[in-house]
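K.L.:
when you get a sec, could you give me coordinates for this:
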Amino acid sequence: MELRQLRAFAAVATEGHFGRAAAKLNLTQPGLTLRIQALERELGTQLLERSAREVQLTAAGLVLLPHARSLIRIEDRALRELKEQADGLGRRLRISYVAYGAVAFPTEVVAQFRRRHPSVQVDTTVGNSAANTEHLLNGSVDAAFIYPGYVGGAGIPDKVAVRLLRRDTVLVALSSKHPLAQLDVIPLKALRREPLIMFPTSPGPSATVSFVRMLVRHIDAEPNIVAYEPPDQALEAVAHSSSLIVFANGSRAASAPVPGIAYRPTSPALLLDFGIAYCRDNESPVLADLLRLTDEMAAGEPGEVPEGSEVLVVDEAPANIAQGPPERP
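P.N.:
Numbering: from 1, shown residues only. A predicted model of the protein is given here:
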């Protein structure tokens, strides 16, 4: 098998159309067809079924596709790292912070890493937990800080490992004039009829659905969700209302307080696992250095879940949690 043949096959499988796949690869449609036919001859089996309207994978095609994509990612990474080496960027680490979440600890980790490894070029970006996981899979970052319970979809992919570092507290954010703001701790049952704002796409639909299910379990009713807004806009709406309520991560509340908003813990306490994610097959020694540092700085964390607390997870998400960083090659 040739990688150019696998790229052609994967492109058609992804696009579901020969014309679009050919355009994506800058090939003519006959040239794309020839590559796939050569691959099918070599494998001795049909991979695609083509009709007037669509292209579908055969059973053999379904088996080959994940392997093809994996080999393509390996080649892409090798080519990228060779280019970086030629450009003088061989000692490079790309990290993504998590949006709308923990700020202090990740920035402390990155600052300490830069002090210990001044010769390494550290590039940073930011994204929500679901986007950060995608960035890891497509090779655009080496490590990403995420909330595993907020990844959504089918949860953490098998190719991604997560090192748990801390637990964040989920707080109720409400106007300081709201009657419930007079409480030190707000029982979840007290939110039964309160107008709530939820997040629409970040941290992800599956995470939002799981959060709502958790609320239903505690308040014995469907929550009164009146709007879906991104985190910053939700907090602004709460700041200008005496009745609206939204949930916010404790670390976010501590690092970016909003005038007029009070933050209160709940009963039971709601917790979010927080960690650093990386691809299992990334053998970069620089990544291994970073993971050892996070392990060192998070020593003893996150510990046991306190009694009367609940860790939020996406219902269908598997727990691909690593017990430590990979060995340095």
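K.L.:
give me phi/psi at residue 194?
P.N.:
phi -80, psi 140 (degrees, to the nearest 10).
K.L.:
what mean pLDDT does stretch 224-232 have?
P.N.:
Stretch 224-232 shows a mean pLDDT of 88.
K.L.:
checking residue 275 next. Helix, strand or coil?
P.N.:
Three-state call for residue 275 (DSSP: H, G, I helix; E, B strand; the rest coil): strand.
K.L.:
ok, now which ones touch it?
P.N.:
Counting by Cβ atoms under 8 Å, 6 or more residues apart in numbering, residue 275 touches 145-146, 148, 162-166, 321. Every residue, glycine included, has its C-beta placed from N, CA and C.
K.L.:
change it to 10 Å
P.N.:
98, 129, 144-148, 156, 161-167, 294, 298, 301-302, 321-322 (Cβ atoms under 10 Å, 6 or more residues apart in numbering).
K.L.:
just give the nearest non-adjacent residue to residue 108, would you?
P.N.:
Excluding the flanking residues, the one nearest residue 108 by Cβ to Cβ, 6 or more residues apart in numbering is residue 297, at 7.0 Å.
K.L.:
so who does the one you found touch?
P.N.:
105, 108-109, 112-113, 165-166.
K.L.:
cool, and residue 225?
P.N.:
Taking Cβ under 10 Å, 6+ apart, one finds 195-198, 208, 212, 215 in contact with residue 225.
K.L.:
farthest pair in the residues you listed?
P.N.:
195 and 208 (16.6 Å; Cβ to Cβ).
K.L.:
more crowded one of the two?
P.N.:
residue 208 (20 against 15; other Cβ atoms under 10 Å).
K.L.:
looking at it, that one is touching residue 197, isn't it?
P.N.:
No. When contacts are counted by Cβ atoms under 10 Å, residue 208 is not listed as touching residue 197 (11.4 Å).
K.L.:
mutual contacts of these two, please.
P.N.:
225, 228.
K.L.:
longest single strand anywhere in the protein?
P.N.:
strand 160-175 (DSSP state E).
K.L.:
can I get it as PDB, trimmed to CA atoms?
P.N.:
The C-alpha coordinates for strand 160-175 follow below in PDB (Å, rounded to 0.1, in the frame of the first residue of the first chain):
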ATOM      1  CA  VAL A 160      -5.900  10.400  24.000                       C
ATOM      2  CA  ALA A 161      -4.700  10.000  27.600                       C
ATOM      3  CA  VAL A 162      -5.500  12.400  30.400                       C
ATOM      4  CA  ARG A 163      -3.500  13.000  33.500                       C
ATOM      5  CA  LEU A 164      -5.800  14.300  36.300                       C
ATOM      6  CA  LEU A 165      -4.300  17.300  38.000                       C
ATOM      7  CA  ARG A 166      -7.000  19.000  40.100                       C
ATOM      8  CA  ARG A 167     -10.700  19.300  40.800                       C
ATOM      9  CA  ASP A 168     -12.600  22.500  40.100                       C
ATOM     10  CA  THR A 169     -15.700  23.400  42.000                       C
ATOM     11  CA  VAL A 170     -18.800  24.300  40.000                       C
ATOM     12  CA  LEU A 171     -20.500  27.400  41.600                       C
ATOM     13  CA  VAL A 172     -23.800  29.100  41.200                       C
ATOM     14  CA  ALA A 173     -23.400  32.600  39.700                       C
ATOM     15  CA  LEU A 174     -26.300  35.000  40.400                       C
ATOM     16  CA  SER A 175     -26.900  38.600  41.100                       C
END
